[in-house]
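[1] Provided below for reference: sequence and predicted model.
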Amino acid sequence: MTRTRNEAELKKIARQTRRHIVEMIYKAASGHPGGSLGAADILVALYFGEMNHRPDDPRWPDRDRFVLSKGHISAAYYAVLAQAGYLPVDSLNTFRTLGSPLQGHPCMLKTRGVDISSGSLGQGLSVGNGMALAARLDGKTYRVYVLMGDGEVQEGQIWEAAMTAAHYKLDNVCAILDYNNLQIDGKVSAVKEIMPLKDKWAAFGWNTIEIDGHDFGQIFAALDAARAAKGKPTIIIAHTVKGKGVSYMENVADYHGKAPDEAGYAKAMAELS
Amino acid sequence: MADKVATRVAYGDALAALGEKYPNIVALDADLSKSTMTVTFAKKFPARFFQMGIAESDMVDTAAGLAACGKLPFVSTFAIFASRGWEQIRNVVSRAKLPVIFALTHAGVSVGEDGASAQANEDIAIFRVVPHMRVIVPADAAETQSCLEYLVTHVDGPAFVRLGREKVPAVCPPGYRFELGKALTLQDGADVTLIACGAMVSVALDAAKLLAAKGIRARVLNMASIKPIDRDAIHAAATQTAGIVTAEEHSIIGGLGGAVAEVVSENSPCPVLRVGMPDTFGESGKPAELLKKYGHTAEKIAECAEKIMASRRQA
């Protein structure tokens, strides 16, 4: 699809994405608003300004792959897939309801445009590595983007996968770590410290870039730098605000997995108008 | 009779041969390629072999990524260590119905001297319960080769092929072709039925000889396809003979015995006695010693069959 890096345009899509997120989770009375709102800008940047993909041909073999390792932010994912043209926008109303293709956590067998099922944390980077190895075997130039959470790197498998990507010099892998320092039980640093993140990934053989995950200019500069880095995988540590765009959800761990009530919904939609 | 061959060795040879014909086959191993015998494939197709190091969970999901991009990955390690990646197998590979073949070796107590930590007696149970998963336990080298050929020509989601460390005799007739969901009748008989899988098939045939000496005609089924299982063959055994003895190198909980009992209890109740690993851990020892100590013997199978015959006479 035609890509754009026009900031005003992307901000508009991101705002609409956040409106969808709030509405989907409010209607479903369940879901994960905090992380969905926090990662919305990253997802919009990937699907509208970075990745080579065809919404009218979701299984196109040469497409860039996307792995939502933090599968719980499916609301943001579906909202972006719908706006990109993979899903009817009105299907977002069925999110998390019986019989819907829009499962609580992504299912590639049910949802058009989903490259891999996810939902259990710690696994997406390994999957992305496998996709990148397949690209190499087939002589294809597609890239693989893996979006993971910060609390997620408490999973040991992330570090197994980190070693695999470095060992196989997978420079077609670009991981993005959504760093908002909040997880279900509180601050990541209090639950189990993951810092120093940059040093850890560098020590594992990765090219590391640290950015503001809400600044489209910084996001694209990092994605460009990742593509230019040869011989090693890149991780973009993106500082984000959990709940971004809805004042009462920002930096509040409780909104990891809690739907807004009616008043909260109205307030959120007013703020996002 | 042909020489005895371990099913893991037959796997290594078959995988390397299939690699020739099917360029989308890749293999992954977690630092055990010389034991699982994926080394044969690795030598022949180095670019299509991925050494994952000692990282089973990562290996499972890496295979998922390869499968999602058109490859047919074979994942190998010891059966017990693959269970570390069970949740990965369940949540990514199977939920997405990706074609990943788990060819896992060193199943059962016959692993021997390495002891309980290396002896998988629970793997059939935990694989069998996963939706989309096919579970196959080949009995000999020919069946190993045949079931692998079946799987690469019937790509339909994931499969678990359970392989052994020790050499086993050939039990399948020449020209036999494995078919998913079909039991192989090795010997017909109308008195009692012995249903076995893997290395216990030849033991069951020995048991049938012991029974024959006492005038009991045993039907012997090789149930390599544990999931899907041959319900018709089980129903026939349950209705045409006095009862069933199952024999497997696995816990008597949740494996072949469990699967057979589930079918029997739903359709045609009859006595089902399970021979296999009791609800306990193994230990170090020579394979033959362990098989004997933990009751994986022809005598035990025959004894169970006689018990069924005796209970029928009393009824």
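    Happy to help now that I have it.

[2] Tell me the residue of the stretch 101-250 of chain B that sits nearest chain A?
    Distance from chain A to each residue of the stretch 101-250 of chain B (CB to the nearest CB) is smallest for B:His132, at 9.8 Å. C-beta: built from backbone N, CA, C; applies to glycine.

[3] Geometric centre of the chain: which residue is closest?
    By default, I'm working from chain A. Geometric centre of chain A, nearest residue: A:Leu147, 4.2 Å, by CA atoms, centre = their mean.

[4] think we crossed wires, I meant chain B
    Nearest to chain B centroid, counting by CA atoms, centre = their mean: B:Val137, 2.0 Å.

[5] From what I see, that one and B:Ala196 are in contact.
    No - applying CB atoms under 8 Å, one finds B:Val137 not in contact with B:Ala196, separated by 9.3 Å.

[6] Spit out the residues that contact the two alike.
    Here B:Val137 and B:Ala196 have B:223, B:248, B:256 as joint contacts, going by CB atoms under 8 Å, 6 or more residues apart in numbering or on different chains.

[7] ok, the second one - contacts?
    Taking CB under 8 Å, 6+ apart as the contact definition, B:Glu248 lies against B:124, B:137, B:196-198, B:200, B:255-257, B:274-276.

[8] if you set the cut-off to 7 Å instead, what comes out?
    Residues counted as contacts of B:Glu248 (CB atoms under 7 Å, 6 or more residues apart in numbering or on different chains) are B:196-198, B:200, B:255-257, B:276.

[9] show me the contacts for the residue of the stretch 101-250 of chain B closest to chain A.
    B:94, B:97, B:157-158.

[10] and it, which of the three is it?
    Following DSSP: H, G, I helix; E, B strand; the rest coil, the label given to B:His132 is coil.

[11] Which pLDDT value goes with it?
    As predicted, B:His132 sits at a pLDDT of 98.

[12] Please apply the same query to the one 5 residues further on.
    Residue-level confidence at B:Val137 comes out at 98, pLDDT.

[13] repeat for B:Arg312
    Per-residue pLDDT puts B:Arg312 at 82.

[14] how about the nearest residue to it, chain neighbours excluded?
    Nearest residue to B:Arg312, sequence neighbours excluded (CB to CB, 6 or more residues apart in numbering or on different chains): B:Ala242, at 4.4 Å.

[15] Enumerate every residue touching A:Tyr255.
    With CB under 7 Å, 6+ apart, A:Tyr255 has these contacts: A:33-34, A:243, A:249.

[16] the strands in the chain, which residues?
    No chain was given, so I picked chain A. Secondary structure of chain A (DSSP state E): strands at A:65-68, A:144-149, A:173-179, A:182-183, A:186-187, A:207-212, A:234-239.

[17] wait, I meant chain B there
    Going by DSSP E, chain B shows strands at B:5-6, B:25-29, B:49-51, B:72-76, B:101-104, B:134-136, B:159-162, B:167-168, B:184-187, B:192-196, B:218-222, B:225-227, B:244-251, B:272-277.

[18] Now tabulate those in a markdown table and tack on distance to B:Thr40.
    Listed next are the strands of chain B as a markdown table, based on distance: least, CB to CB, whole Å:
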| stretch | distance to B:Thr40 |
| --- | --- |
| strand B:5-6 | 13 |
| strand B:25-29 | 10 |
| strand B:49-51 | 10 |
| strand B:72-76 | 11 |
| strand B:101-104 | 12 |
| strand B:134-136 | 20 |
| strand B:159-162 | 16 |
| strand B:167-168 | 17 |
| strand B:184-187 | 27 |
| strand B:192-196 | 28 |
| strand B:218-222 | 26 |
| strand B:225-227 | 25 |
| strand B:244-251 | 24 |
| strand B:272-277 | 30 |
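
[19] what sits against the nearest residue to B:Arg95 once chain neighbours are set aside?
    Nearest non-adjacent residue to B:Arg95, counting by CB to CB, 6+ apart: A:Ser117, 5.1 Å away. By CB under 7 Å, 6+ apart, the residues touching A:Ser117 are A:106-108, B:92, B:95-96.

[20] mind redoing it with 8 Å?
    A:71, A:105-109, B:91-92, B:95-96.

[21] what do you get for B:Ser251?
    Contact analysis of B:Ser251 by CB under 8 Å, 6+ apart lists B:121-122, B:125, B:276-279.

[22] what is it paired to in the beta sheet?
    When bridges are called by DSSP bridges, B:Ser251 pairs up with B:Met277.

[23] Do any residues in stretch B:155-165 lie close to chain A?
    No - Stretch B:155-165 does not reach chain A (CB under 8 Å from any CB of the partner chain); its nearest approach is 10.2 Å.

[24] For that stretch, output the C-alpha coordinates as PDB.
    Provided in PDB are the C-alpha atoms of stretch B:155-165 (Å, rounded to 0.1, in the frame of the first residue of the first chain):
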ATOM      1  CA  VAL B 155       0.500 -31.400   5.500                       C
ATOM      2  CA  ASP B 156      -2.300 -30.500   8.000                       C
ATOM      3  CA  GLY B 157      -1.100 -28.700  11.100                       C
ATOM      4  CA  PRO B 158       1.300 -30.100  13.700                       C
ATOM      5  CA  ALA B 159       2.300 -33.600  14.500                       C
ATOM      6  CA  PHE B 160       4.300 -35.400  17.200                       C
ATOM      7  CA  VAL B 161       6.300 -38.500  16.200                       C
ATOM      8  CA  ARG B 162       7.600 -40.300  19.200                       C
ATOM      9  CA  LEU B 163      10.900 -42.100  18.800                       C
ATOM     10  CA  GLY B 164      13.000 -44.400  20.900                       C
ATOM     11  CA  ARG B 165      16.700 -44.600  21.800                       C
END
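
[25] Which positions in it come out as buried?
    Neighbour counts over stretch B:155-165 (16 or more other CB atoms under 10 Å in any protein chain shown) mark B:157-165 as buried.
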